[in-house]
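Peer 1: no sequence for this one, just the structure:
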Ligand SMILES: [Zn+2]
Ligand SMILES: [Zn+2]
């Protein structure tokens, strides 16, 4: 951030009075421009015991499989956003959404919210951000080609939970592997 | 948003190619500046059966009682943020944090995440954003002076859950009252 979105003035980085961390502050009008974590909302759609995955037509992780998910938009709820992403990426209408997982990914300042859901009439297609979409039996899930560690974690836990038919809402943190950490 | 934070160019509002909603787009460098919902993280701190509330020293809702909560910062987890707010507003060290509530407030594009917690050694004080902090018995909670509907909802559900000693992680939506809705 170099320029103030409000007045066009030059941005400086400093700790504002009464604060305890560096912020982007406008040198001209004094406005403080906060940068906040982003929310990613998604679904884990299940139909006849199979799980709907999408193969990504976009970067990052082009060609890898993922659950339908994306950035939450202003003015919508987490559930509405999760359903919207499912429609956009897999042309499927999510139904019976139930909160399932909250995942923190602090090194990239993201919070993931996943809902379990069904697929209306079992119908789905291929959205513009997908190369392919498919219902997977547990045995066929392409574990080596999953796009993101968040998706691997949610899928793994879901399959475990399904054995007991109990789906507690859990929270966890996805950490950066040690080798990537700053010391 | 009037100016591009990257190049200082003039911002226009339009639907970018491949998108389906209006965004802030720079007329000079073409950068799309997304505005995303914000996450508010907070604690419901309990000690010896009493609940810790803070009376706000800041706007909005100056003088009203609230649970310790505030905007999540980049680089932290939701639990770390909730603990940080508890330390900042009530000088209390949160312990034994357990995810409790996800609340959507779509008309202001906010997502609230609340954790239940204890207070280390039962010690607390008054942070710079609080006029007063106090442990309340259920019977003494100042229901008419609670700052936000989210706090009223979380407190009400917690007291209900406590009767059963079962604390399921729930999700709900706080809607704008009908009289304030745009038609
Ligand atoms: Zn400015
Ligand atoms: Zn620009």
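Peer 2: Here it is on my side, so go on. These figures come from a predicted structure and were not determined experimentally. Ligands and ions are numbered 1, 2, ... in the order given.
Peer 1: excluding chain neighbours, what is closest to residue A:3?
Peer 2: Counting by Cβ to Cβ, 6 or more residues apart in numbering or on different chains, residue A:3 lies nearest to residue B:8, which is 3.9 Å off, once chain neighbours are set aside. C-beta here means a position set from N, CA and C on the backbone, and glycine is covered the same way.
Peer 1: cool, residue A:6 as well?
Peer 2: residue A:31 is the one closest to residue A:6 (Cβ to Cβ, 6+ apart), at 5.3 Å.
Peer 1: ok, residue A:146 next?
Peer 2: Counting by Cβ to Cβ, 6+ apart, residue A:152 is the residue found nearest to residue A:146 once chain neighbours are left out, at 4.9 Å.
Peer 1: how about the one you found, secondary structure?
Peer 2: For residue A:152, the reduced secondary structure class is helix; criterion used: DSSP: H, G, I helix; E, B strand; the rest coil.
Peer 1: in which helix or strand would I find the residue nearest to residue A:3?
Peer 2: With secondary structure defined by DSSP states H and E, residue B:8 is part of neither a helix nor a strand.
Peer 1: which ones are touching residue A:154?
Peer 2: A:44, A:67, A:100, A:101, A:103, A:114 (Cβ atoms under 8 Å, 6 or more residues apart in numbering or on different chains).
Peer 1: wait, the second one sits on residue A:44?
Peer 2: Pointing back at residue A:67 there. Yes. When contacts are counted by Cβ atoms under 8 Å, residue A:67 is listed as touching residue A:44 (5.7 Å).
Peer 1: and the helices in chain A?
Peer 2: Along chain A, the stretches classed as helices by DSSP state H are A:78-90, A:149-164.
Peer 1: most packed of the ones you listed?
Peer 2: Most buried of the helices of chain A, by mean neighbour count (mean count of other Cβ atoms under 10 Å in any protein chain shown): helix A:78-90, with a mean of 24.
Peer 1: which elements pack onto that helix?
Peer 2: Contacts defined by 3 or more Cβ pairs under 8 Å, 6 or more residues apart in numbering or on different chains; DSSP states H and E place helix A:78-90 against strand A:38-47, strand A:50-56, strand A:69-71, strand A:94-105, strand A:110-119, strand A:130-136, strand B:94-105, strand B:170-173.
Peer 1: as a markdown table, the ones you listed with mean pLDDT, distance to ligand 2 and mean neighbour count would be great.
Peer 2: Formatted as a markdown table, the entries for the helices and strands packed on helix A:78-90 read as follows, by pLDDT from 0 to 100; distance: least, Cβ to the ion, whole Å; neighbours: other Cβ atoms under 10 Å in any protein chain shown:
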| stretch | mean pLDDT | distance to ligand 2 | mean neighbour count |
| --- | --- | --- | --- |
| strand A:38-47 | 98 | 20 | 24 |
| strand A:50-56 | 98 | 28 | 22 |
| strand A:69-71 | 96 | 20 | 19 |
| strand A:94-105 | 97 | 28 | 20 |
| strand A:110-119 | 98 | 24 | 23 |
| strand A:130-136 | 98 | 30 | 17 |
| strand B:94-105 | 97 | 31 | 20 |
| strand B:170-173 | 94 | 36 | 16 |
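Peer 1: quick check: which of these is nearest to ligand 1?
Peer 2: Between ligand 1 and the helices and strands packed on helix A:78-90, the shortest gap by Cβ to the ion is with strand A:38-47, which sits at 23.4 Å.
Peer 1: follow-up on the earlier one: show me the contacts for the residue nearest to residue A:6.
Peer 2: So, once contact is read as Cβ under 8 Å, 6+ apart, residue A:31 ends up touching A:4, A:6, A:7, A:25.
Peer 1: quick one, what contacts the residue nearest to residue A:3?
Peer 2: With Cβ under 8 Å, 6+ apart as the criterion, the residues that contact residue B:8 are A:2, A:3, A:8, B:28.
Peer 1: so which of the residues you listed wins on neighbours?
Peer 2: Counting neighbours by other Cβ atoms under 10 Å in any protein chain shown, the top entry in those is residue A:3, with 21 neighbours.
Peer 1: can you pull up the bridge partners for that one?
Peer 2: residue A:10 (DSSP bridges).
Peer 1: centre-most residue in chain A?
Peer 2: Central residue of chain A (Cα atoms, centre = their mean): residue A:40, 3.1 Å from the mean position.
Peer 1: give me the residue from chain A nearest ligand 2.
Peer 2: Here the residue of chain A nearest ligand 2 is residue A:3; by Cβ to the ion that distance is 8.3 Å.
Peer 1: check contacts around that residue.
Peer 2: Contacts for residue A:3 (Cβ under 8 Å, 6+ apart) come out as A:9, A:10, A:11, B:3, B:4, B:5, B:6, B:7, B:8.
Peer 1: which of the residues you listed are buried?
Peer 2: With neighbours counted by 16 or more other Cβ atoms under 10 Å in any protein chain shown, the contacts of residue A:3 contain buried members at A:9, A:11, B:3, B:4, B:5, B:8.
Peer 1: tabulate those residues (a markdown table), appending pLDDT.
Peer 2: Compiled in a markdown table, the buried ones among the contacts of residue A:3 are given as follows (pLDDT from 0 to 100):
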| residue | pLDDT |
| --- | --- |
| A:9 | 96 |
| A:11 | 97 |
| B:3 | 97 |
| B:4 | 97 |
| B:5 | 96 |
| B:8 | 96 |
